[in-house]
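Trainee: What follows is a predicted structure for the sequence shown.
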Amino acid sequence: VAAAQARAEVLGEAADAASETYDGAMVKVQAAQQAVRVAQLVLDGANRRVAAGQAAVAQFARAAYESGGMSTVNALLETDGTARLVSKVGTLNAISLSQRDTLQQLGAAEIYQGVVRRQAETVEVQANAAAQVAARAKAAAEAAVARQASVLTNLRQQEGRLHTLLVSAKAHASALERAR
């Protein structure tokens, strides 16, 4: 009985350790899930930036199509004097700079989006790995508890048998005492 009790204590400590390992793994899973949510929010922001850039480029293209386009050559050929020429060239320059800036912003947004997407994918892989570790830790904790429960059940059964033997022995001793 003493050996079984000692084994039950060792198994209890192992079950506690396995349970704490599982709890630690779950903390890591929760942190990883939070990181996934944050990464998704950042990715959503990057996606919005790309969409806004694409919309701005589409707006430029639509405006150029609808207006028939405007080129420096047309500005030179269709001017009504130097002041109009300077004004048209200035306008073309402003439009050109705006288009260039928009395209650069779109390019930067697409690069940022790609980096953020890869980071989000990495975080998700890490979260999945943490969840797998937690699942294995949970299974180990459940197995340790089951082993401890089995030993405790056997110990209780042994104690029951010993109790029955003790009661029987006491009754037999009393009977012998009375018979003398």
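Mentor: Arrived safely, thanks for sending. Residues are numbered from 1 along each chain as shown.
Trainee: switch to C-alpha atoms for all contacts and neighbour counts from now on
Mentor: Will do.
Trainee: who does the helix or strand that contains residue 59 touch, helix- and strand-wise?
Mentor: Per DSSP states H and E: residue 59 is located in helix 2-67. Judged by 3 or more Cα pairs under 8 Å, 6 or more residues apart in numbering; DSSP states H and E, helix 2-67 is in contact with helix 82-179.
Trainee: Show me what the helix it packs on packs onto, helices and strands only.
Mentor: helix 2-67, helix 72-77.
Trainee: so who does the residue nearest to the spatial centre of the chain touch?
Mentor: The residue lying closest to the centre of the chain (Cα atoms, centre = their mean) is residue 33, at 3.1 Å. Contacts for residue 33 (Cα atoms under 8 Å, 6 or more residues apart in numbering) come out as 124, 127.
Trainee: mean pLDDT lowest for which of the helices and strands packed on helix 82-179?
Mentor: For those, mean pLDDT drops lowest on helix 72-77, to a mean of 55.
Trainee: hmm, back to that, any idea how far residue 112 is from the residue nearest to the centre of the chain?
Mentor: 22 Å (Cα to Cα, to the nearest Å).
Trainee: quick one: the nearest residue to residue 116 once chain neighbours are set aside from residue 110, how far?
Mentor: Among residues not flanking residue 116 along the chain, residue 43 sits closest, at 5.7 Å (Cα to Cα, 6 or more residues apart in numbering). Relative to residue 110, residue 43 is positioned 11 Å away (Cα to Cα).
Trainee: How about residue 41?
Mentor: Separation of residue 41 from residue 110 (Cα to Cα): 16 Å.
Trainee: can you check residue 168 too?
Mentor: For residue 168, the distance to residue 110 - Cα to Cα - is 86 Å.
Trainee: before we move on, what about residue 170?
Mentor: 88 Å.
Trainee: ok, back up a step: any idea which of the helices and strands packed on helix 82-179 is most buried?
Mentor: helix 2-67 (a mean of 16; mean count of other Cα atoms under 10 Å).
Trainee: Just the angle for it relative to helix 82-179, thanks.
Mentor: With axes from the mean of the first three to the mean of the last three Cα atoms, to 10 degrees applied, the angle from helix 2-67 to helix 82-179 works out at 160 degrees.
Trainee: Residue 152 is in contact with residue 9, isn't it?
Mentor: No. Here residue 152 does not reach residue 9: they are 9.5 Å apart, not a contact under Cα atoms under 8 Å.
Trainee: Many thanks, we can stop here.
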